[in-house]
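Q: Pasting the sequence and the predicted coordinates here, then a few questions.
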Amino acid sequence: MKEYKYKINGNEYTVGIGDIDNNIVEVEVNGNSYSVELEKTETPAPVVAAVRPAAPVAATTPVARPAAPSAGAGVVKAPLPGTIVDIKVSVGDKVEPNTVVAILEAMKMENNINAGRAGVVKSINVNKGDSVLDGTDILVIE
């Protein structure tokens, strides 16, 4: 049995992964044994042990997709993957380069996203609570 140590939400787990018999794996988590049924796939998949989370898991929101900006517009992009916590401007607002236009939570830290240029907010491409990837267009400034 291969043994791994994980730390999830500050809790330590010792996970032992046994042999795979057909699509059933015997897994031991902190001394408790579980039979885990793997989804059958055409190609072999890595074995992953499921561990009950310490806190309730929130439903995920769809990842916002980048929108195509118009010519002459400045696009404010997400600098890293995360969740939009707040949008501080509305369409039609005038902004300066150092104006905070949105707040992005990444790795349990809130990051201010600045306009980066002066202009008027033409469109907002994300909503509060959206998960975004790095490089996703947050808003467009003309």
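A: Looks like it came in fine. Numbers count the residues shown, from 1 in each chain.
Q: Would you state the strands of the protein in chain order?
A: 2-8, 11-21, 24-29, 32-37, 74-77, 82-87, 94-95, 100-106, 109-114, 119-124, 131-132, 137-141 (DSSP state E).
Q: Tell me which of the ones you listed sits most buried.
A: Across the strands of the chain, averaging neighbours per residue (mean count of other C-beta atoms under 10 Å) puts strand 137-141 on top, at a mean of 23. In short, each C-beta sits where N, CA and C put it, glycine included.
Q: average pLDDT for it?
A: In this model, strand 137-141 carries a mean pLDDT of 93.
Q: give the contact list for S35.
A: S35 is in contact with I24, V25, E26, V27, counting by C-beta atoms under 8 Å, 6 or more residues apart in numbering.
Q: Y34 is in contact with the first one, correct?
A: It stands for I24. No: look at I24 against Y34 with C-beta atoms under 8 Å: they stay out of range, at 10.4 Å.
Q: Now do the residue positioned nearest the centre of the chain against K94, distance only.
A: The structure's the chain has its C-alpha centroid closest to G82; by C-alpha atoms, centre = their mean the separation is 4.9 Å. Distance, G82 to K94, using C-beta to C-beta, to the nearest Å: 26 Å.
Q: The most far-flung residue of the chain relative to its centre and V89, how far apart?
A: Residue farthest from the centre of the chain, counting by C-alpha atoms, centre = their mean, is D21 at 33.8 Å. Relative to V89, D21 is positioned 57 Å away (criterion: C-beta to C-beta).
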